[in-house]
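Participant: Here's my sequence, what's the structure:
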Amino acid sequence: MAPSKRTHDTRLLWKLDRDHAIHPHSDLPTFEEEGCLIMARGEAAYVYDTEDRKYLDGIAGLWCVNIGHGREEIAQVMADQARELGYFSSFVDISNPPHAALAKKIVEIAPPHLNHVHFSSGGSDANEAIARTMHHYFHRLGKPSKRLFIARIHAYHGTTFLTASLSGKPEEKGAFHFADEWVHHVDFPGLYRAPEGMSPEEHLDQLGVRLEEKIHELGPENVAGFFAEPIMGAGGVLAAPDGYHRRMKEICDAHDILYASDEVVTGFGRLGHFFASGPVFDIEPDFIAAAKGLTSGYFPLGASLISDKVHDVIKRPAADSSYYSHGWTYTGHPIGCAVALENIRILEDERILENVRELGPYFEEKLATLRDLRLVGDTRGSHFMNCVEYVANKETKALLPAEANIARRIAAHGQKRGIIVRPVAHLNILSPPLTLDRSQIDFLVDALGESAEAATADLAAEGYLD
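Facilitator: As a prediction, this is how the structure comes out:
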């Protein structure tokens, strides 16, 4: 059923939003001048603004809306659960039916050693819970000095104080403070910007050496955990060479360091599996963080999956305290858990993961045709998680100046052609709903190519290009 249309005063909404709303990761002076596009409704793979202009959603909201917009089944489940039990605390000795049922369902679809789930309100919270649980685990083992964390440059793990510190995007490290005494970073995987002539095998060896060096620099007795996205998302859709995650996990195991696989983006189908750590990357992490596709963005919900190895330690009685003193007011929220259960049912019944496995390679191949364009240096990614990198010079891989705003220009041209893509510095990221068919992939990529050509003409006219 198509969502109902409402009449909106676009100019008034634009002004109210500009004057009072602070948006995540926004350039505040630019926002003060330009405001933003206001989306009013969604249907399947499309969204509509307040003027009822239609756009193919090339980013699934934000890596989220895996089953598509406007699903009546989800709306009905939300309403039914709200009438039955809208909220009650899950602290200590109280639960609710969707909370218990979702925990069991996630365990069924997760790697077999991850049999315990702690729910939260989103991906940042899920990674925060993992970090605190790592500390709790080593405290229980009598190793309280193991409290440092290692992540990667260009990683993104969240926006709480600790998870923002785990994140390693250099452009976001300027005007805020971070837990630099707790968090340390190592090199990121990415062959496109690896040294000239370096093979994937050499790149993998180099990354392994860098992690070993960092562990020994900090002291293995001081390091609690390593955080890694299976494919780095907001940092540029950076896929590691084959065997990378196995190698990093082996290094961590050798030094008694816990391994957290951040599947906030890759989980729930974006690579064609509910969780990619096992079937795609052949690792058994100690933790998995999930969110976004867990509810397809219809309700804020995160999950921290905890291994039997860790749970067996933290459940032991302790002389000082046996409490797992961590959680949120909305942990196990009954509406969120009911939505997640229905979302998983839709993913299974409609064989949406199979659609990703079938069409993902075509999406990658279609996107690769853009490499012939003047400013496209690289296209990369996997299945329904992809990226285009723009450069001023293909041979040197030199970037355009920041003031050229290349990715934002192309995204703006894309909106005129009926697509939404995400601009990040010199990158456009594509992460559409997992329901796209071949013709929609064609439209998305063709429109992006036309937008890149239009932006190239603009930049040439403004003197940015020779």
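
Participant: what number of residues lie near G360?
Facilitator: Residue crowding around G360 was assessed by other CB atoms under 10 Å; the count is 21. Glycine gets a C-beta too; all of them are placed from N, C-alpha and C.

Participant: which parts of the helix or strand hosting it are buried?
Facilitator: Under the criterion of DSSP states H and E, G360 resides in helix 352-368. Neighbour counts using 16 or more other CB atoms under 10 Å place 352-353, 355-356, 359-360, 363-364, 366-368 of helix 352-368 among the buried residues.

Participant: For that helix, enumerate the helices and strands it packs against.
Facilitator: Packing partners of helix 352-368 (3 or more CB pairs under 8 Å, 6 or more residues apart in numbering; DSSP states H and E): strand 376-382, strand 385-390, helix 438-461.

Participant: Give me the contact list for the second one.
Facilitator: What it means is strand 385-390. Contacts of strand 385-390 from elsewhere in the structure, counted by CB atoms under 8 Å, 6 or more residues apart in numbering, are 63, 192, 231, 233, 236-237, 265-266, 270-271, 363-364, 367, 370, 375-381, 399-400, 406-407, 410, 426-431, 448, 452.

Participant: Now do that strand against helix 352-368, angle only.
Facilitator: Per axes from the mean of the first three to the mean of the last three CA atoms, to 10 degrees, the angle that strand 385-390 makes with helix 352-368 is 10 degrees.

Participant: pLDDT of strand 385-390, averaged?
Facilitator: Regarding strand 385-390, the rounded mean pLDDT is 98.

Participant: Provide the strand pairings for that strand, with the direction of each partner.
Facilitator: Based on DSSP bridges, the pairing partners of strand 385-390 within the sheet are strand 376-382 (antiparallel), strand 427-430 (antiparallel).

Participant: Roughly how far does A289 sit from A110?
Facilitator: Here the distance between A289 and A110 works out to 12 Å (CB to CB, to the nearest Å).

Participant: so what's in contact with the two at the same time?
Facilitator: Both A289 and A110 are in contact with L305, where contact means CB under 8 Å, 6+ apart.

Participant: With neighbour numbers in mind, choose between the two.
Facilitator: For the pair A289 and A110, the greater number of neighbours falls to A289 (32 against 23), based on other CB under 10 Å.

Participant: Which strands or helices does the strand or helix carrying the more buried one pack on?
Facilitator: If you go by DSSP H and E, A289 is part of strand 287-290. Under the contact criterion of 3+ CB pairs under 8 Å, 6+ apart, the helices and strands touching strand 287-290 comprise helix 123-140, strand 258-262, strand 302-307.

Participant: Now do it: distance to the chain's middle.
Facilitator: If you compare the mean C-alpha spot of strand 287-290 with that of the full chain, they lie 12 Å apart, counting by CA atoms, centre = their mean, to the nearest Å.

Participant: strand partners of it, parallel vs antiparallel please.
Facilitator: Strand 287-290 has its sheet partners listed here by DSSP bridges as strand 258-262 (parallel), strand 302-307 (antiparallel).

Participant: Would you mind getting the angle between the last one and helix 123-140?
Facilitator: For strand 302-307 and helix 123-140, the angle between their directions (the same axes, to 10 degrees) works out to 30 degrees.

Participant: how about the strands in the stretch 101-250 of the chain?
Facilitator: Secondary structure of the stretch 101-250 of the chain by DSSP state E, counting those that start in this stretch: the strands cover 114-120, 148-152, 183-186, 223-228, 231-232, 238-239.

Participant: related to what we said a few turns ago, of the helices and strands packed on helix 352-368, flag the one that's most buried.
Facilitator: Counting by mean count of other CB atoms under 10 Å, strand 385-390 has the highest mean neighbour count of those, with a mean of 26.
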